[in-house]
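>>> got a predicted structure plus its sequence, pasted below:
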Amino acid sequence: IKYDPSIGIYGMDFYVVLGRAGFDIGKRKHKKSRIGASHRITKEEAIKWFQQTYEGVIMPGGKTKKSSGHQRRGKKK
C-alpha cells in the first residue's frame, strides 16, 4: 500500500502520561509520599488541556475500561 497524505496514518496509537509539578514524590527513594486527590489529574482535565493547548479533536473511542472497585492484589501489608 502506498502512503496517501490525504488519508493520514492508520494504526498509529500513542499515549502520554500527564502530571503536575511534584508528581514524582511517590517514585523517589527518600521520603516517599502519596499524591493527594486534589493534585491528581482527571480524564476531563487532560482532555480539556489537550484541546486548549494543541487545538486537538477528540475522536469518539471504543470501549473504556471501568474499574471493578477491587484494585489491591495480594496480601495486605
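Everything's here; your move. Numbering: from 1, shown residues only.

>>> where exactly do the helices run in the chain?
Using DSSP state H, the helices of the chain run over 43-54.

>>> where does the prediction get shaky in it?
Counting by pLDDT under 70, the chain contains low-confidence ranges at 1, 3, 9-13, 62-77.

>>> and with 80 instead?
1-5, 7-15, 26, 61-77 (pLDDT under 80).

>>> spatially central residue in it, please.
Among the residues of the chain, the one closest to the centroid is residue 17, at 4.7 Å (C-alpha atoms, centre = their mean).

>>> please report how far it lies from residue 30.
Note on residue 17: its distance to residue 30, by C-beta to C-beta, to the nearest Å, is 23 Å. In this view, the C-beta of every residue, glycine as well, is placed from N, C-alpha and C.

>>> got it, and residue 36?
Counting by C-beta to C-beta - residue 36 and residue 30 are separated by 19 Å.
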